[in-house]
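Visitor: when you get a sec, could you give me coordinates for this:
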Amino acid sequence: MLKNYITIALRNISKHRVYTLLNVSGLAVSLAVATLIMLYVKQEHSYDRWIPNAENVYRVYRYWAPYGSAWTPPPLGHTIKQEFGEIQAATRLSNDGKVLLTTQANKSLYTPLAVSTDSNFLAVFKLPLLHGDAGTALLQPYSVVLNSELAIRLYGNTNPVGQTLRVNNKKDYKITGILAPYAGKTHLEAELYYTDPDSYYYAWDGNDPTTYVSLHPQTNIAKLENKVTALINEFVKEERKKYNTNIGELPQWRFQPVSDVHLYSTQMNGPFVVKGNYQNSIILGTVAIVILLIASINYMNLATAQAGKRAREVGIRKVSGANRRELVFQFLSEASLQSLTAIPLVILLATVFLPAFNVVTDRNLVLGWNEWLQVGGYLIALVLLLGILSGLYPAFFLSAYRPVEVLKGKFSHQNRGQFLRRSLVIMQFAMAITVAIVMTFIYRQVQYMQDQELGFSSDQTLVVRINTPESVDKIQALKGEMQQNPHISAVTTASSLPGTFAPDNMFKLAGEQEDHLAHMFWVDPDYVKTLGLQLAQGQFFSWSDYTDTTGRSFVVNEAFVKEYNLKNPVGHQIGLSGQEKMGTIIGVVKDFHFQSLASEIQPMILLGNVKSRGASYAAIRMNTKEIRSTVAYIEKIWKQVEPIHPIQYTFLNDDFAQLYDDQVRLGQTLLYTTLLTIFIAALGLFGLASFMAEQRVKEIGVRKVLGASVSQLVVLLGKDFLKLVFIAGVVAVPFAIWITREWLSNFAYSIPISVMPFVLAIGASLLIAALTVSGRAIKAALLNPVKSLRNE
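Guide: Below you'll find the predicted structure:
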């Protein structure tokens, strides 16, 4: 029986080759794209889940709604481990960035990311070692564990455990372990972890390392968070009282599952770069479902439309003794077999699309045997499910025919299923148009953010990372020499630059008891000149402020003046947390964007005593087309500043543009998927138009004989389809508005919801539908009426 079903199915597939090709190609394209998106979403949700005991590992962070900070006080981990029995182990990690490594054989190389930690690192993360004992590897100070890739680069295939490794030509560390290759992705991408007791200070009011804890199973997280918040904030209060500083607003302390760090940290400041975005993952997953639905609708539409052609076959089989169950199984098996033929094409297309998909999403997905084995079962199940769902209505529709009516010629299939087919066409084009509208708004929002006036000049500004406090003085000493180069116009040092992290600190306005929070960082007097900032009132810092270690002078931005309603801000006094005496506002700079346009411009306090606190960045502004030679000159000068650290530089405009990488990648991905959704929908429309033209071939012949022109016949055949697409556009509008509003709500500065994207998306869909249908309609209209009427 099964063999008979397969034979009949293959015969019908061969008989309707054009429609089979349309169905299979549309299904294959949709499944290939859905497979890639599924791999992307799967990888995004797999970060850190492979870590042993991952379900009990958490990152501790402080929370001021709606933002969080993963920088924590150095004593946090040790203290809460001692105080609360729910915590099995606690460790702290600090991002030390790029470091120079030198072996005992004098082989040197730079590693892009080193992390200083404590003896409990492997107790929390339980990472397996290729060499060494995880229980003792980091117990001693100045111990280091390397990952396997770094160990091979330094020592080849030999076991280096027990050897000494020098870091930055300063300290020697004993290699006590080699980490096994990671079993998956992680947000911790360091190549080595070392214990350095000299790298921490122990202030409760400080924020340097990130703290991770391992909890006992079944721990009540909410209760533990409340207890930790009460304890830690009490320590902070005591420390601030000790130094006669304002207590101010204190944060809540929360625990974030380590498996959530990658995707759920877009509003979290922290020392480790996070590339994930949960919202983008949801959007792309939804688009994959939309693409699959459109392909499934294509099959259902064509199968339903062709149902009438098989009415006589059904009638004969029923008279021959076939029952309805057998007929339903026959048509479902035919649909499933047809969908299964798409799998080889899916594999081919997914492999071809993968490199471009990786470029657009900035990921490194792989489709090898292991990956296909992982997704193969899901893919086959999905293909069968789509085939069954697509064939359900035709199966029950066809099997319900009454054989007497069919065989007597009383059965008319022309109007059977028309309402369903039209509804499905509206549904698939509504989904495609919705995606197109949302994609257009995303592109316009990204363009708006990239073109927006930022309030500072980022062109030709080189940003160099400063690795040591001593480098600041060296830069100032060499500043004159650098500016003798005619291609360099200004040089500044600062603890923060636009596009980087600006820490928040507490302050109090003179005459008030209430504490406030503002962005606060240190700059030198050339900050304004180098970045092209504009003064609104007063003056900027002078070089006498540079050597003033008391921090008595401040410059604020316009947002600060507006937030605290200061009518005459210059001369107003401010008291900073950690300082007994008040300082004075000496100037106001015009507002400039420090972060992306997703965030409002926040109140900001600039401090001029950068020398006393150190700087993290140097910004060098150039005014030349000779960028390459000028950068080479700066690299030469930099060797005098930091001989052991190679210069690490970026351009300020690139740094700021990277803030929008997520949105740019989402827009590009949606652009291609939008084109695919419309292509797949157009395939189905072409197939349906072809079938309808075949059904009306005699009507077309009669109309031609009676004098109808080709253009009139094209309008006759195409107008119904265009009506359906227009209705789909109307249906799509409210859904697109809702989705767009939700997405734009993530940005403090956003474009208005205008009419043009709706007009463009609906107009483009109508044009594509018109071209798709008219091609088939013209062919039908040009057919010789003698051929279509010769049997009448």
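Visitor: got the contact list for the residue positioned nearest the centre of the chain?
Guide: Of all residues in the chain, the one closest to the mean position by Cα atoms, centre = their mean is Asn277, 3.8 Å from it. Residues counted as contacts of Asn277 (Cβ atoms under 8 Å, 6 or more residues apart in numbering) are Leu263, Thr266, Asp662, Leu666. (Glycine included, C-beta is placed from N, CA and C.)
Visitor: residues contacting Val57?
Guide: With the criterion set at Cβ under 8 Å, 6+ apart, Val57 makes contact with Asp48, Ile51, Val124, Phe125, Tyr212, Val213, Ser214, Leu215, Pro257, Val258.
Visitor: would you reformat those residues as CSV and include neighbour count, pLDDT and secondary structure?
Guide: Formatted as CSV, the entries for those read as follows, by neighbours: other Cβ atoms under 10 Å; pLDDT from 0 to 100; DSSP: H, G, I helix; E, B strand; the rest coil:
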residue, neighbour count, pLDDT, secondary structure
Asp48, 21, 93, coil
Ile51, 21, 92, coil
Val124, 27, 94, helix
Phe125, 25, 93, helix
Tyr212, 27, 95, strand
Val213, 27, 95, strand
Ser214, 21, 95, strand
Leu215, 21, 95, strand
Pro257, 16, 95, strand
Val258, 26, 94, helix
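Visitor: would you check which pair of those residues lies furthest apart?
Guide: Spatial extent of those (Cβ to Cβ) is set by the pair Asp48 and Leu215 at 15.2 Å.
Visitor: could you point out the longest strand in this protein?
Guide: For the chain, the longest strand by residue count, based on DSSP state E, is strand 87-103.
Visitor: please name the strands paired to that one in the sheet, noting orientation.
Guide: For strand 87-103, sheet partners with direction are given as strand 108-117 (antiparallel), strand 164-167 (antiparallel), strand 210-215 (antiparallel), following DSSP bridges.
Visitor: in CSV: the ones you listed, plus distance to Leu724.
Guide: Conversion of those to CSV gives the following (distance: least, Cβ to Cβ, whole Å):
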stretch, distance to Leu724
strand 108-117, 55
strand 164-167, 68
strand 210-215, 55
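Visitor: pick the most buried one from these.
Guide: Between those, strand 210-215 has the highest mean count of neighbours, a mean of 25, where neighbours are mean count of other Cβ atoms under 10 Å.
Visitor: quick one: contacts of that strand?
Guide: Strand 210-215 has contacts (Cβ under 8 Å, 6+ apart) with 53, 56-60, 70-72, 76-77, 80-81, 86-94, 123-125, 221, 224, 255, 258, 270-272.
Visitor: could I get the contacting residues of the residue nearest to Thr677 when sequence neighbours are not counted?
Guide: Ranked by Cβ to Cβ, 6 or more residues apart in numbering and with sequence neighbours excluded, the top spatial neighbour of Thr677 is Ala432, at 4.3 Å. Counting by Cβ under 8 Å, 6+ apart, Ala432 touches Val290, Ile294, Thr674, Thr677, Ile678, Ala681, Ala728, Ser765.
Visitor: assign the second one to helix, strand or coil.
Guide: Remark: Ile294 carries the secondary structure label helix [criterion: DSSP: H, G, I helix; E, B strand; the rest coil].
Visitor: ditto for the third one
Guide: Counting by three-state DSSP, the backbone at Thr674 sits in helix.
Visitor: thinking again about what came up before, mind checking which of the contacts of Asn277 land in helices?
Guide: When helices are assigned by DSSP state H, the members of the contacts of Asn277 inside them are Asp662, Leu666.
Visitor: save the contacts of Asn277 as a markdown table, and put in neighbour count and distance to Ser148 too.
Guide: Conversion of those to a markdown table gives the following (neighbours: other Cβ atoms under 10 Å; distance: Cβ to Cβ, whole Å):
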| residue | neighbour count | distance to Ser148 |
| --- | --- | --- |
| Leu263 | 20 | 27 |
| Thr266 | 14 | 31 |
| Asp662 | 19 | 31 |
| Leu666 | 23 | 34 |
